[in-house]
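In: Task: produce atomic coordinates for the following.
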Amino acid sequence: MSVGIVDYEAGNLKSVETALLALGARIVVADRPEVLLKADRLIFPGVGDAAAAMRVLKARGLDQAIVQFVNSGRPVLGICLGSQVVLDASEENGAVCLGLVAGIARRFAPDSGLKIPHMGWNQVEPTADHYLFSAIPPGASFYFVHSYYPQPQDSAAVIGCTDYGVRFTAALSQGNLAAVQFHPEKSGRYGLQMLQNFLQCRA
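Out: Numbers count the residues shown, from 1 in each chain. Have a look, this model is predicted:
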């Protein structure tokens, strides 16, 4: 089994690669659609700006490759920025995103008194029975670094939430696509367990 990791200049690839190798996964890091489309499952990581990320994805044909991969029924996992650009749009520089899940990425309100970006460890509470949270206790903590968060249109897509002044979607799923706002690759044993769950899942 091979795991494709999408390289679109959005950073954080090395930590994802290191975590997957520690789990014994066979990985392929690539920025070419034809390479990624041969993988058995796909991870779409990233940190950075949604509009800039979408420009790179479109320039390389990776936007359509990701859509094609999702439509193939194979398992896909979005991480951090990857949980935002699967939506229709982002409030970050008016980005038009992939449209795989109806919704928008919202910015934490600047007048909320919250420290932005939201950075550090925070609890994630599962709101649905989903394979990502298998063998992970409710309220386990994961590592976050973000100023925007996904807000799916359909609440049925929400599988995990976190409180940070406001309660926001920390994990979502639709069919064979799952995505998390936090960084499982930087979240210790529970993060590794979540990645292991993804490697073992049957979409």
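
In: Let me see the ranges of the helices in this protein.
Out: Counting by DSSP state H, the chain has helices at residues 13-22, 33-36, 50-59, 62-71, 81-84, 188-200.

In: can you state the direction angle for the last one and helix 13-22?
Out: In other words, helix 188-200. Helix 188-200 and helix 13-22 are oriented at 70 degrees to each other (axes from the mean of the first three to the mean of the last three CA atoms, to 10 degrees).

In: Need the residues that contact helix 188-200.
Out: When contacts are defined by CB atoms under 8 Å, 6 or more residues apart in numbering, helix 188-200 is touched by residues 1, 3, 19-20, 22-23, 25, 41, 43, 75, 77, 131-137, 140-143, 178, 180, 182-185, 187. For glycine as for every other residue, the C-beta is placed from the backbone atoms N, C-alpha and C.

In: ok, now with 7 Å
Out: Residues from elsewhere that reach helix 188-200 (CB atoms under 7 Å, 6 or more residues apart in numbering): 19-20, 23, 25, 75, 77, 131-132, 134-136, 140, 142, 184-185.

In: Return the member of those nearest to residue 163.
Out: Residue 163 lies nearest to residue 142 out of these, by CB to CB, at 13.1 Å.

In: what pairs with the closest one across the strands?
Out: residue 122 (DSSP bridges).

In: quick one: it from residue 187, how far?
Out: 4 Å (CB to CB, to the nearest Å).

In: Please work out which of the helices of the chain is packed deepest.
Out: Among the helices of the chain, helix 81-84 has the highest mean neighbour count (mean count of other CB atoms under 10 Å), at a mean of 28.

In: could I get it in CSV with only the CA atoms?
Out: In CSV, the C-alpha atoms belonging to helix 81-84 read as follows (Å, rounded to 0.1, in the frame of the first residue of the first chain):
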residue,chain,number,x,y,z
LEU,A,81,-4.8,24.0,5.7
GLY,A,82,-5.9,20.8,4.0
SER,A,83,-9.0,20.8,6.1
GLN,A,84,-9.9,24.3,4.9
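
In: Check which helices and strands it is in contact with.
Out: helix 50-59, strand 148-152, strand 177-180 (3 or more CB pairs under 7 Å, 6 or more residues apart in numbering; DSSP states H and E).

In: let's see 6 Å
Out: Helices and strands touching helix 81-84, by 3 or more CB pairs under 6 Å, 6 or more residues apart in numbering; DSSP states H and E, are strand 148-152.
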